[in-house]
Each structure stands twice: as C-alpha cells, then as structure tokens.
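Colleague: Kindly return the folded structure for what I paste below:
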Amino acid sequence: MRGGGAVRSTVARVRLVSRLLAVLSCVLTVEAQLTGVLDDCLCDIESIDDFNTFKIFPKIQKLQERDYFRYYKVNLKRPCPFWADDGHCSIKDCHVEPCPESKIPVGIKAGSSNKYSKAANNSKELEDCEQANKLGAVNSTLSNQSKEAFIDWARYDDSQDHFCELDDETSPDAQYVDLLLNPERYTGYKGPSAWRVWNSIYEENCFKPRSVYRPLNPLAPSRGGDDGESFYTWLEGLCLEKRVFYKLISGLHASINLHLCANYLLEETWGKPRWGPNVKEFTHRFDPVETKGEGPRRLKNLYFLYLIELRALSKVAPYFERSVVDLYTGNGHEDAESKALLLDIFRDTKSFHMHFDEKSMFAGDKKGAKSLKEEFRLHFKNISRIMDCVGCDKCRLWGKLQTQGLGTALKILFSAKEIQSLPENSPSKGFQLTRQEIVALVNAFGRLSTSIRELQNFKVLLQQTR
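Modeller: Residues are numbered from 1 along each chain as shown. Purely as a prediction, here's the structure:
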C-alpha cells in the first residue's frame with residue numbers, strides 16, 4: 001500500500017510540475033513573440049500597450065457608459081441570407097434582453113420628431129420631419145440648427161460608401177438593446193454552427209483560394225506537417241490591401257476570443273453565476289505551443305486592427321468638432337459632457353505618433369485601385385451579412401456591432417477628402433454618420449481597447465500561476 005501511495009504521489013508531483021512548466025512556457029513564449037514592430041506599419045506593440053493603458057482605456061470605458069452610446073438599435077431576427085437557419089441557441093446565456101421603449105432617452109428614440117417638437121407645430125416642418133423618418137435618415141447626432149439642410153441631407157443616399165449591411169431601424173423587428181446589461185462574454189455557443197460562420201468568413205471572403213488551407217481550420221483536410229506555413233507563404237505574396245483585409249478579420253476574431261476568455265462562466269451556485277478570466281481557455285486559444293505558433297500571430301493582428309480603428313477616430317474628429325453636431329439624448333447637461341469626453345479622446349488619438357498610413361492603400365493605377373477598393377468594400381459588406389447567420393443572439397449582437405464599427409472605420413479612412421470639406425454649420429451630402437454607425441464605432445473600438453487591457457491581465461495571471 002505504501003509503495004502504491006508513493007507512486008501516486010510521484011505521479012501527482014510530475015503532473016503538477018508538467019502543468020507549471022506548461023504555464024511558464026506559455027508566459028515566456030507569448031511575451032517573447034508578442035513584441036516589437038508590427039508588419040505593414042511602423043508601430044511597435046509596447047507603444048500601443050502604454051498608449052491604450054494610460055490614455056484610451058479609462059476614457060473609452062466612461063464614454064461607453066453614457067446614454068448615447070449604451071443604447072444600440074439592432075435587428076436580431078433577420079434571416080441568414082446564405083444557408084438555411086440552423087436554429088437559435090437555446091442556452092440561457094445566449095439570450096439578449098431588449099430594452100423597453102420607456103427606458104430609452106427621448107432624444108434617441110427612432111421617432112426623433114421629439115427632438116423637433118417645437119418645429120412640429122408648423123405643419124410644413126412636421127411634414128418634412130415625417131418625410132425624413134420615412135427615408136430612414138433621422139440622425140440624432142444633429143442639433144436643432146439647419147433643419148432644412150438636415151431634411152435635404154436626409155434624401156441623400158450614401159449606400160455606395162457603406163462597408164456594412166445596415167439594419168433598417170424602422171423595421172418592427174429592430175429593438176433597442178442596453179449594451180451594459182447585455183455584455184459580451186462566453187455563452188457556450190460553439191460547434192458546427194459557429195465554425196460554419198467563421199469558415200464562411202475566412203474561406204469565401206478573405207481573397208483566399210480554396211487550395212490554400214488556413215492554420216487550425218478543423219474543417220480542412222489534414223495537411224501533415226504543414227503547420228500553416230504554406231498559408232503564410234501565400235499571404236505574404238498578396239498585395240498590401242488583401243493582407244490588410246485578412247489581418248482585420250483575424251484581429252477581430254482574436255479580440256472576440258479574448259473577450260470570451262476574460263468573461264467566462266467559472267461556476268454557478270444556486271443560480272448565481274460567477275464570471276471571470278479563464279487562464280486555461282486563454283492558453284488553449286493563444287498559447288504558441290497549443291496553437292502551433294498561430295496564437296501570437298492572431299494577437300498581433302488584434303494590435304493591427306486597433307491601429308486601424310485608432311487612425312479612423314483621429315481622422316473623423318473634424319466631423320464631431322463642428323458645432324452642428326451633438327450627441328443628442330434630450331439631456332442637455334449629459335450631452336455636453338459626452339461630447340466633451342469624446343473630443344478629449346479625439347485629441348488623444350491625434351497625439352499618437354505612429355499611426356497606420358491609409359494612403360499606402362489603393363495607391364496604384366487609378367482604375368485598378370478603384371476596382372480593388374470596391375472589391376474590398378463588397379467583401380467586407382458580405383461579412384457583415386454573415387453576422388445574421390450567427391445562432392446565438394448575444395454573439396450575433398456583438399458580432400454585428402463590432403463588424404459595423406470596423407466597417408464605419410473603413411468608411412472614414414477612405415472618405416478623407418469629404419471629411420476635410422465638411423461645412424461648419426450644416427450637414428454635408430458628402431459625408432454623414434448615422435447614430436447607429438457612431439455607437440458601433442465607439443463601442444467596437446472600446447472592445448479592442450478592452451481586449452488589449454485584458455491581454456495584459458492574462459500575462460499577469462499566467463505569471464502568478466507559475
């Protein structure tokens with residue numbers, strides 16, 4: 001008996017040492033590989049970490065708590081346009097609780113004639129407001145100035161500039177969601193349905209031939225000892241624009257996975273769930289050994305995506321700096337504070353000295369560049385439509401929001417001339433953002449900022465478990 005006990009004790013110690021060595025290996029390899037200058041830009045990871053920690057993260061967290069940015073109108077009932085519906089997830093954590101209309105600030109509600117209630121006493125102005133609503137063009141970022149210009153702009157169709165398939169906010173299926181009460185976290189949604197969505201995104205929209213298999217794709221046939229090297233040989237041979245496209249999608253995927261690892265259901269006792277960071281899940285998704293070197297590449301793409309959206313925020317600042325633009329909820333004091341905080345964040349984004357240079361994209365032959373840009377836009381728009389195929393409502397909500405946020409960032413980056421020529425005191429036909437786009441833009445960047453912050457937390461947790 002003693003001999004058997006000694007053997008079991010030895011085996012237990014060996015297993016413990018093995019786990020500790022594995023954790024230590026994860027810490028060292030993640031930190032060793034996640035450093036230095038990113039590809040296709042002149043910015044290093046350490047500078048982004050410091051800038052996000054001390055400048056962006058605290059402020060963007062506060063901004064996301066403001067009424068203007070916490071309520072997002074979304075249609076979670078749109079059918080999948082590409083394959084038969086797999087059926088919705090029945091797991092309780094997949095559920096999204098819509099916000100009752102009575103809880104929505106009066107200035108945000110879709111029937112934004114409330115904002116023009118004084119003008120509504122005039123029948124002609126009432127008719128104009130109703131016409132604007134019918135066109136689905138009510139933009140609650142605008143103050144009461146220049147009503148005629150607002151109505152004129154409402155008739156302008158800028159669909160050619162959109163990188164996303166926008167929800168029709170006038171649809172009876174569109175509902176307001178309080179993002180603070182429906183946080184992004186691990187819901188248990190996984191398996192064939194989830195993989196089908198990501199497989200469609202990567203295989204059909206990332207400019208990739210089917211003969212090239214991306215690493216760790218469970219739906220691809222076994223490739224022996226390839227370990228994805230043929231994929232990266234192919235990727236490095238692409239033009240800058242197509243490399244950027246892949247990195248954006250990979251970075252978004254990495255960010256979403258980080259959120260799920262950081263807000264994981266650890267246990268549930270007497271119906272009370274406890275959410276928190278899951279180190280084992282993080283290691284499974286990002287450890288260089290477990291992912292055959294793929295994890296650090298994904299995390300670098302997260303940083304690249306952060307740079308893209310950071311650049312978009314710095315470029316769109318002039319749009320919001322105009323007096324004609326308010327973050328209108330009906331609460332004048334809070335609206336003023338929200339705009340002041342947003343402008344403060346814009347000042348920080350403009351102070352960053354290692355921005356991605358979007359002018360390096362679509363810079364060749366004009367005809368070829370225009371065609372490539374349109375192909376880029378349509379591929380991304382297609383991905384935004386795939387979000388309606390996600391079976392988990394909470395995953396669909398945050399997938400749609402973050403995809404729309406990135407699409408809005410791309411729209412901004414490639415509308416530089418229009419933004420520079422904006423009139424100070426009236427809306428412009430050349431460039432506009434709807435409230436839906438603004439809320440998505442800020443919250444999507446907030447999610448990236450949180451991802452990078454959570455990544456620092458996981459590094460600390462991994463060190464503590466040595």
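Colleague: Could you list the low-pLDDT ranges of the stretch 1-150 of the chain?
Modeller: In the prediction, the stretch 1-150 of the chain carries residues with pLDDT under 70 at positions 1-32, 86-88, 90, 110-150.
Colleague: Could you pull out the buried residues of stretch 456-466?
Modeller: By 16 or more other C-beta atoms under 10 Å, the buried positions in stretch 456-466 come out as 458-459, 462. Every residue, glycine included, has its C-beta placed from N, CA and C.
Colleague: wait, I meant stretch 199-214
Modeller: With burial defined by 16+ other C-beta under 10 Å, the residues of stretch 199-214 counted as buried are 199-203, 205-208, 213-214.
Colleague: hang on, the earlier thing: out of the buried residues of stretch 456-466, which are inside helices?
Modeller: By the criterion of DSSP state H, membership of the buried residues of stretch 456-466 in helices covers 458-459, 462.
Colleague: Which other helices and strands does the helix or strand hosting residue 248 contact?
Modeller: Using DSSP states H and E, residue 248 sits in helix 240-262. On a contact count with 3 or more C-beta pairs under 8 Å, 6 or more residues apart in numbering; DSSP states H and E, helix 240-262 meets helix 192-205, helix 229-236, helix 279-286, helix 294-321, helix 366-386, helix 393-413, helix 435-464.
Colleague: Out of the ones you listed, flag the one nearest residue 53.
Modeller: helix 435-464 (6.8 Å; C-beta to C-beta).
Colleague: who's in contact with the residue lying closest to residue 385 once chain neighbours are set aside?
Modeller: In this structure, residue 385 finds its nearest non-sequential neighbour in residue 165, 4.8 Å apart by C-beta to C-beta, 6 or more residues apart in numbering. By C-beta atoms under 8 Å, 6 or more residues apart in numbering, the contact set of residue 165 is 381, 384-385.
Colleague: still on that earlier bit, out of the helices and strands packed on helix 240-262, which is the most enclosed?
Modeller: helix 393-413 (a mean of 25; mean count of other C-beta atoms under 10 Å).
Colleague: Quick check: next helix or strand after it?
Modeller: Where DSSP H and E defines the elements, the next helix or strand beyond helix 393-413 is helix 416-420.
Colleague: Name the surrounding residues that touch that next one.
Modeller: 315-316, 318-319, 358, 412, 428, 430-431.
Colleague: Contacts only, for residue 282.
Modeller: Residue 282 is in contact with 258, 261, 458, 462, counting by C-beta under 8 Å, 6+ apart.
Colleague: Go ahead and flag the most central residue of the chain.
Modeller: Against the mean C-alpha coordinate of the chain, by C-alpha atoms, centre = their mean, the closest residue is residue 402 at 2.7 Å.
Colleague: how near is that one to residue 341?
Modeller: 21 Å (C-beta to C-beta, to the nearest Å).
Colleague: And for residue 352?
Modeller: Between residue 352 and residue 341 the computed distance is 18 Å (C-beta to C-beta).
Colleague: what does residue 460 give?
Modeller: Residue 460 is 28 Å from residue 341, by C-beta to C-beta.
Colleague: would you turn the contacts of residue 165 into a markdown table with distance to residue 298 and pLDDT?
Modeller: Below are the contacts of residue 165 laid out as a markdown table (distance: C-beta to C-beta, whole Å; pLDDT from 0 to 100):
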| residue | distance to residue 298 | pLDDT |
| --- | --- | --- |
| 381 | 24 | 96 |
| 384 | 21 | 96 |
| 385 | 24 | 96 |
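Colleague: Make a markdown table from these and add distance to residue 70 to it.
Modeller: Output for these, formatted as a markdown table (distance: C-beta to C-beta, whole Å):
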| residue | distance to residue 70 |
| --- | --- |
| 381 | 27 |
| 384 | 22 |
| 385 | 26 |
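Colleague: and of these, the nearest to residue 102?
Modeller: The nearest one, if we look at the contacts of residue 165 relative to residue 102 and count by C-beta to C-beta, is residue 384, at 30.5 Å.
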